[in-house]
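J.: The following comprises the amino acid sequence and a computationally predicted model.
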Amino acid sequence: MELTKKDRIVLINQYEILKRLDPDNADYYGQLCEILRSGYEYFYSMIDEGADANMPSEEGRLVIDILDFYRSVEDYKYNHPDDKELSEHPWGTFKGGQ
């Protein structure tokens, strides 16, 4: 990862804020600040270790389509409460949030 001096300053400020907001992890944020202040590029990977790789667009589109489908199902069930066939069907309820 490449960081400009401006990037480093912004991140240092963010980690300084987090040190105060999250005292249980203040040492960790302090280490990240030191890495950024000193420009230790070798350790920049510690900064983005919590960030996952980008999701491909086609996978993101699939997720949106699935959520839209279940939103439509829920809208239908809300507007047709007497339709038990859908509400009792195994696929009639979104299982992703469980």
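T.: Yes, it's here.
J.: what's the domain layout of the protein?
T.: 5-46, 57-87 (automatic domain parsing).
J.: ok, and which of the ones you listed has the densest surroundings?
T.: Neighbour counts (mean count of other CB atoms under 10 Å) averaged over each of the domains of the chain peak at domain 5-46, with a mean of 14. All C-beta spots, glycine's among them, are computed from the backbone N, C-alpha and C.
J.: And that domain, end to end?
T.: For domain 5-46, the first-to-last residue distance is 17 Å (CA to CA, to the nearest Å).
J.: Just say helix, strand or coil for residue 75.
T.: Of the three states, residue 75 takes helix according to DSSP: H, G, I helix; E, B strand; the rest coil.
J.: give the contact list for it.
T.: The contact partners of residue 75, by CB atoms under 8 Å, 6 or more residues apart in numbering, come to none.
J.: can you tell me how far it sits from residue 22?
T.: 39 Å (CB to CB, to the nearest Å).
J.: average model confidence for stretch 33-40?
T.: On average, the pLDDT along stretch 33-40 is 94.
J.: Check the gap between the residue found closest to residue 94 once you drop the neighbours it is linked to in the chain and residue 48 for me.
T.: Nearest residue to residue 94, sequence neighbours excluded (CB to CB, 6 or more residues apart in numbering): residue 70, at 4.1 Å. Using CB to CB, we find residue 70 at a distance of 32 Å from residue 48.
J.: got it, and residue 79?
T.: Taking CB to CB, one finds residue 79 at 45 Å from residue 48.
J.: Next: residue 28.
T.: Going from residue 28 to residue 48 by CB to CB gives 14 Å.
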